[in-house]
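*Asks:* I would like to see how this sequence folds:
(one chain, ligands or ions: 1)
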Amino acid sequence: MILDIYLRWYELALRATNFEVYGSPRKDLFQNLILSGMGGSGIVCDMIYSVLYSSSEIPVTIVKDFQIPRWTSKNSLLCAISYSGNTLETLNTVSKALEVGAEVCIVTSGGKLLELARVRGLPHVVVDSGLIPRAAFPQLLIATLKLLSTYGINLCSDLRSLTNILRDVDSVSKISKELAEFLKNSLPVIISNTRFYPLAMRFKDEFNENSKMMAKVEVIPEWAHNDIVGWEKPVNLDLIRALVLWDDDPVIEFAVNYLKELEVKVRVLKSLGDDLLSKILYGSHVAGLTSTYIAELRGLKAEETKSIEKYKNFLRSLSS
Ligand code: F6R
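*Replies:* Numbering: from 1, shown residues only. A predicted model of the protein is given here:
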């Protein structure tokens, strides 16, 4: 069951800190970094992007598609993340990047990507197999951090202390159960500022996949230029619950007060952790557990994602 995996995140993360990086990364100075991945693997790209936004000296971009940017060249580093190793969009970006001579590195548990990494000698990290992609998140994240650090792209100096944020399972479960009660049977609207956008997306994705619910993300300060007006006369305010991801940011405070004035049912989540990465990891734990508890409350199987399989079968039928 997926719940058991979320409850084991600390142990899984700790294991990941010992994963080996295979292959020899090219020692060039890359001119740009492309992060490629879909769904539960692709969210790692968003998180890395957010952390690098304020620190990277080279441009970083995210690809969640079959195509890579036209400017990709032998001076690019493409990091592909796919838990299964068989996601066609991600596989396609890898082939295209190899065609133009870019350096490609891979995080996966197996499939065609692992085969390719071994045959072509591409730098790669192998995460544990037998998990569910979205629930393998701490391993995918830590494996990617390790892989990127071999290229001199350092986002975390101490991976073991990063995992500590996942230790207190009882308190995170308690918070998640309360949040699940608040959000069940609603249309959750998750509001964050730009640096927490990937965490807001993670909540949305987890509500979609585990709870089988629609959810919406609104991002500050862009929020204040359009979404804010939508709150004036929503079609069904009773259905909506707002979840605000806290940051010490006056506009977040403004948003919370604004929603309360409109009598919107709102909860504020303050992530624990000393830096953005640990706050995102902690918040993702809350997202996983909350969405799974909502599935339980709704009598649904959190692990099942039939419609994603339907889409993947459709894609395969196109190429056969
Ligand atoms: C399933 C899930 C999906 C997959 C996505 C890409 O748990 O979360 O969003 O992550 O379909 O597949 P992978 O991760 O295998 O590349």
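*Asks:* quick check, whichever strand or helix holds V119 touching the ligand?
*Replies:* Here V119, judged by DSSP states H and E, is contained in helix 111-120. No - residues of helix 111-120 contacting the ligand under Cβ under 6 Å from any ligand atom: none, with a closest distance of 7.6 Å. To be clear about C-beta, it is placed using only N, CA and C from the backbone, and glycine gets the same treatment.
*Asks:* give the buried residues for that helix.
*Replies:* Buried residues in helix 111-120, defined by neighbour count with 16 or more other Cβ atoms under 10 Å: 111-114, 116-117.
*Asks:* quick one: it to chain centroid distance?
*Replies:* Offset of helix 111-120 from its chain centre (Cα atoms, centre = their mean, to the nearest Å): 23 Å.
*Asks:* can you give the contact residues for the helix or strand following that helix?
*Replies:* The element immediately downstream of helix 111-120 (helix or strand, assigned by DSSP H and E) is strand 124-126. Contact with strand 124-126 is made by 19-23, 105-110, 113-114, 117-118, 143-144, 146-147, as judged by Cβ atoms under 8 Å, 6 or more residues apart in numbering.
*Asks:* in the stretch 1-150 of the chain, which spans are helices?
*Replies:* Along the stretch 1-150 of the chain, counting by DSSP state H, counting those that start in this stretch, helices occupy 2-7, 9-16, 39-53, 88-99, 111-120, 137-149.
*Asks:* so of the ones you listed, which one's packed in deepest?
*Replies:* Using mean count of other Cβ atoms under 10 Å, the stretch among the helices of the stretch 1-150 of the chain with the largest mean neighbour count is helix 137-149, at a mean of 25.
*Asks:* send the alpha carbons of the following helix or strand past that one over as PDB?
*Replies:* Heading C-terminal from helix 137-149, the first helix or strand you meet, by DSSP H and E, is helix 159-163. Extracted as PDB, the C-alpha positions of helix 159-163 are listed here (Å, rounded to 0.1, in the frame of the first residue of the first chain):
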ATOM      1  CA  LEU A 159      22.200  14.900   2.600                       C
ATOM      2  CA  ARG A 160      22.000  13.000   5.800                       C
ATOM      3  CA  SER A 161      20.800  16.000   7.800                       C
ATOM      4  CA  LEU A 162      18.300  16.800   5.000                       C
ATOM      5  CA  THR A 163      16.700  13.400   5.700                       C
END
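*Asks:* please shift the residue numbers so they start at 2 in all later answers.
*Replies:* Yep, numbering from 2; the last one is helix 160-164 now.
*Asks:* which neighbouring elements make contact with helix 160-164?
*Replies:* helix 10-17, helix 138-150, helix 277-298 (3 or more Cβ pairs under 8 Å, 6 or more residues apart in numbering; DSSP states H and E).
*Asks:* surely K266 touches L244?
*Replies:* No - counting by Cβ atoms under 8 Å, K266 stays clear of L244, with 10.0 Å between them.
*Asks:* no more questions from me, cheers.
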